[in-house]
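# Kindly return the folded structure for what I paste below:
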Amino acid sequence: MRRGSDSKNSTPGTQTAHIVNQMTETKSEALLFEPIFQERIWGGRRLQDEFGKKLPPGLKIGESWELVDRPEAQSVVRSGPNKGVSLHQLWKNHREEIFGNTRNAPRFPLLIKLLDARETLSLQVHPPAHIAPGLNGEPKTEFWYVVKAEQGAKIYAGLRRTMSPEEFNRSIASGNVADHIHSILTKEGDGIFLPAGRFHAIGAGNLLVEIQQNSDTTYRVYDWDRVDATGQPRELHIEQALQCIDFNDCEPEAIEPAGEVLIRNELFEIQKWNLTEPRDLALPGKFAIVCVLDGNLRMAGTDILPGDLSLLPANSENRAIAPSTKTASILRITIPR
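Numbering: from 1, shown residues only. The predicted structure is shown next:
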């Protein structure tokens, strides 16, 4: 069994070793974090081209983990008086100051990434909460926001029709399982919801923001007959996937926004804001996360640029976000209580 994202190696190559035990007072500071770049067989260099990320040379980078609190991968503050403080330290020791009255959990409950799919990812599934423990995995529900999409780019999500697990398994054995997955043509601004149990893949040519549960459990079903650098096919997880896939989940559609709200559920709330003037990001005592899509902004004394992800602490006195360019757009991400 494999636990981890769609990768040849789910352990980050480098981590910041310096962890500060006590955090400096930060009522006026928005927090920016060091990204963790992940090489992927399907990745490319678009995160550098589009967002100016300083990618390691020569590698296919498919994911930039922008905010993560996991044993194998830890976000750390990248600048300011709190440089080097880890997200886990903030969550464990400064919960109320930074995150306000947020539900209790051992670790920060979200993982936020930028994804560059130069090639199509494997057809895969993540386990639902009632199944994950029995597979020694973690439940994972996620949301994708399409930042850029090349002409003809697709998202694969759900099935074309209801199937039995036995029929689905036969399609795997016969090599035509890809014929049974539903596809959605993507364009900039689309939102796609992936509840745990939904069979899915990101198609080639998509640049996405992914907001997900803090989990790294993926079960691959089909990898397009691809081989890794050693000429070997990557591991599949058919038995586990058959226990997780919702075989009645057919032809889902892209999200229809309700005003600024893209999605709201018990795990996360995501809004899309187009800004032409300053605006308070959150009420006093509440934190919020900003992912900048385009334009330059300033928030709580910090400049944030396209591709940046920044956290406004709950105790910040300056709660406004202001565009430095004529217009700017962001994703605003919060956790419902």
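# OK, contacts around the most centrally placed residue in the chain?
Of all residues in the chain, the one closest to the mean position by Cα atoms, centre = their mean is Glu210, 2.7 Å from it. By Cβ atoms under 8 Å, 6 or more residues apart in numbering, the contact set of Glu210 is 112-115, 142-145. C-beta coordinates here come from the backbone N, C-alpha and C atoms, glycine included.
# Let's see that with 6 Å instead.
Shown in contact with Glu210 (Cβ atoms under 6 Å, 6 or more residues apart in numbering): 113, 115, 142, 144.
# Beta-bridge partners for the first one, please?
Partner residues in beta bridges with Lys113: Trp65, Glu210, with DSSP bridges as the criterion.
# The third one now?
According to DSSP bridges, the partner residues bridging Glu142 are Leu194, Gln212.
# how's this structure carved up into domains?
Per automatic domain parsing, the domain ranges recorded for the chain read 31-244, 261-334.
# Minimum distance to Glu253: which of those domains has it?
With Cβ to Cβ as the criterion, Glu253 lies closest to domain 31-244 of those, at 7.0 Å.
# what about that closest one, start to end distance?
End-to-end distance of domain 31-244 (Cα to Cα, to the nearest Å): 37 Å.
# Could you tell me how many residues sit around Pro165?
By the measure other Cβ atoms under 10 Å, the count of residues near Pro165 is 12.
# OK, contacts around it?
Leu242.
# can you check Trp273 too?
Trp273 is in contact with 330, 332, counting by Cβ under 6 Å, 6+ apart.
# Can you classify it as helix, strand or coil?
Of the three states, Trp273 takes strand under DSSP: H, G, I helix; E, B strand; the rest coil.
# How about it: which residues does it bridge to?
Residues in a beta bridge with Trp273, per DSSP bridges, are Ile330.
# Pretty sure Tyr219 sits against Leu242.
No. Look at Tyr219 against Leu242 with Cβ atoms under 6 Å: they stay out of range, at 9.0 Å.
# what residues does stretch 279-287 touch?
For stretch 279-287, contacts defined as Cβ under 6 Å, 6+ apart pick out 99-100, 288, 312-314, 319-321.
# Show me what counts as buried in stretch 145-154.
For stretch 145-154, the neighbour count (16 or more other Cβ atoms under 10 Å) marks 145-149, 153-154 as buried.
# residues in contact with it?
With contact meaning Cβ under 6 Å, 6+ apart, stretch 145-154 is reached by 183, 185-188, 190-191, 203, 205-209.
# repeat that for 7 Å
50, 183-191, 203-209, 293, 331 (Cβ atoms under 7 Å, 6 or more residues apart in numbering).
# Among the residues you listed, which lie within helices?
Using DSSP state H, the members of the contacts of stretch 145-154 that fall in helices are Glu50.
# Low-confidence regions, the protein specifically.
1-28 (pLDDT under 70).
# quick one: the residue nearest to the centre of the chain from Asn169, how far?
28 Å (Cβ to Cβ, to the nearest Å).
# May I have the longest helix anywhere in the chain exported as PDB, CA atoms only?
Ordering each helix of the chain by length in residues (DSSP H) puts helix 165-174 first. Taking Å, rounded to 0.1, in the frame of the first residue of the first chain, the C-alpha atoms of helix 165-174 are listed here in PDB:
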ATOM      1  CA  PRO A 165     -17.100  -2.500  -8.100                       C
ATOM      2  CA  GLU A 166     -16.900  -5.800 -10.000                       C
ATOM      3  CA  GLU A 167     -17.600  -4.100 -13.400                       C
ATOM      4  CA  PHE A 168     -15.100  -1.400 -12.600                       C
ATOM      5  CA  ASN A 169     -12.400  -3.900 -11.700                       C
ATOM      6  CA  ARG A 170     -13.000  -5.800 -14.900                       C
ATOM      7  CA  SER A 171     -12.400  -2.500 -16.800                       C
ATOM      8  CA  ILE A 172      -9.100  -2.100 -15.000                       C
ATOM      9  CA  ALA A 173      -8.000  -5.600 -16.000                       C
ATOM     10  CA  SER A 174      -9.000  -5.000 -19.600                       C
END
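# show me what contacts Lys272?
Counting by Cβ under 7 Å, 6+ apart, Lys272 touches 257, 260, 262, 329, 331.
# Leu293 versus that one, what's the distance?
Lys272 is 8 Å from Leu293, by Cβ to Cβ.
# Next: Glu166.
44 Å.
# what does Leu283 give?
Distance, Leu283 to Leu293, using Cβ to Cβ: 23 Å.
# Could you do Pro257 as well?
Distance, Pro257 to Leu293, using Cβ to Cβ: 14 Å.
# ditto for Gly285
27 Å.
# Show the end-to-end separation of stretch 304-312, please.
Distance between the two ends of stretch 304-312: 12 Å, counting by Cα to Cα.
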